[in-house]
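K.L.:
with the input below, show me the fold.
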Amino acid sequence: MSAPPPPSSDRLRLDVAQLNAFLTRAFPLAEPGARGEVTEAEPGRVRLVQPFSDRLLRPGGVVSGPTLMGLADAATYALVLAHVGEVAMAVTTSLTMHFLKPARPAPIVAEARLLRLGRRIATADVRLWTESGPERPAAQATVAYALPEEAR
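P.N.:
Numbering: from 1, shown residues only. Below you'll find the predicted structure:
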């Protein structure tokens with residue numbers, strides 16, 4: 001029996017249903033909707049949507065920065081898993097966030113695009129928006145994940 005091919009940005013190992021099932025198993029104590037739900041997955045791209053809740057707001061009535069950062073991280077984790085498979089110990093090594101405009105109260109969309117899938121590090125660009133749509137993101141992040149030995 002031959003070994004599976006190495007991870008590639010050209011093919012997925014997990015689809016939307018498999019990603020959501022894994023995230024539910026990996027984070028059993030998370031409140032429903034707290035980490036977002038994967039709604040799309042294709043080679044090189046994953047989209048998550050987090051339902052709106054008043055608990056996501058900061059004073060001033062906009063979505064908090066920590067909420068946006070957490071969703072950017074979750075979107076990148078889902079993107080990495082989609083390409084390398086169920087590898088729980090892929091971990092964030094860096095996250096740089098740029099807040100571009102206030103994120104108004106609404107469901108939050110995070111779209112992660114793979115910039116590079118290396119043997120040890122995966123890097124993604126993540127755009128986040130609420131009511132404004134992807135052409136006017138509220139925030140943008142660059143996120144890197146370290147890949148454990150079993151993902152290579």
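K.L.:
buried sites along stretch 38-54?
P.N.:
By neighbour count on 16 or more other Cβ atoms under 10 Å, the buried set for stretch 38-54 is 38, 41, 44, 45, 46, 47, 48, 49, 50, 52. C-beta coordinates here come from the backbone N, C-alpha and C atoms, glycine included.
K.L.:
wait, what's in contact with the third one?
P.N.:
The reference is to residue 44. Taking Cβ atoms under 8 Å, 6 or more residues apart in numbering, we find residue 44 in contact with 9, 10, 113, 114.
K.L.:
ok, now residue 85?
P.N.:
By Cβ under 8 Å, 6+ apart, the contact list for residue 85 reads 7, 13, 14, 151.
K.L.:
can you lay out those residues as TSV showing neighbour count and secondary structure?
P.N.:
Output for these, formatted as TSV (neighbours: other Cβ atoms under 10 Å; DSSP: H, G, I helix; E, B strand; the rest coil):
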residue	neighbour count	secondary structure
7	22	coil
13	18	coil
14	20	coil
151	23	helix
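K.L.:
where in this structure is pLDDT low?
P.N.:
Residues of the chain meeting the criterion pLDDT under 70: 1-3, 152.
K.L.:
hey, which helix is longest across it?
P.N.:
Longest among the helix segments of the chain by residue count, using DSSP state H, is helix 65-84.
K.L.:
pick the one among the contacts of residue 85 closest to residue 108.
P.N.:
residue 14 (22.2 Å; Cβ to Cβ).
K.L.:
which non-adjacent residue is nearest that closest one?
P.N.:
Leaving out its chain neighbours, the residue that sits closest to residue 14 by Cβ to Cβ, 6 or more residues apart in numbering is residue 82, at 5.0 Å.
K.L.:
just the helices in this protein please.
P.N.:
Using DSSP H, helices in the chain cover 16-26, 65-84.
K.L.:
point out the most buried one among those.
P.N.:
Of all those, helix 65-84 has the most neighbours on average by mean count of other Cβ atoms under 10 Å, namely a mean of 24.
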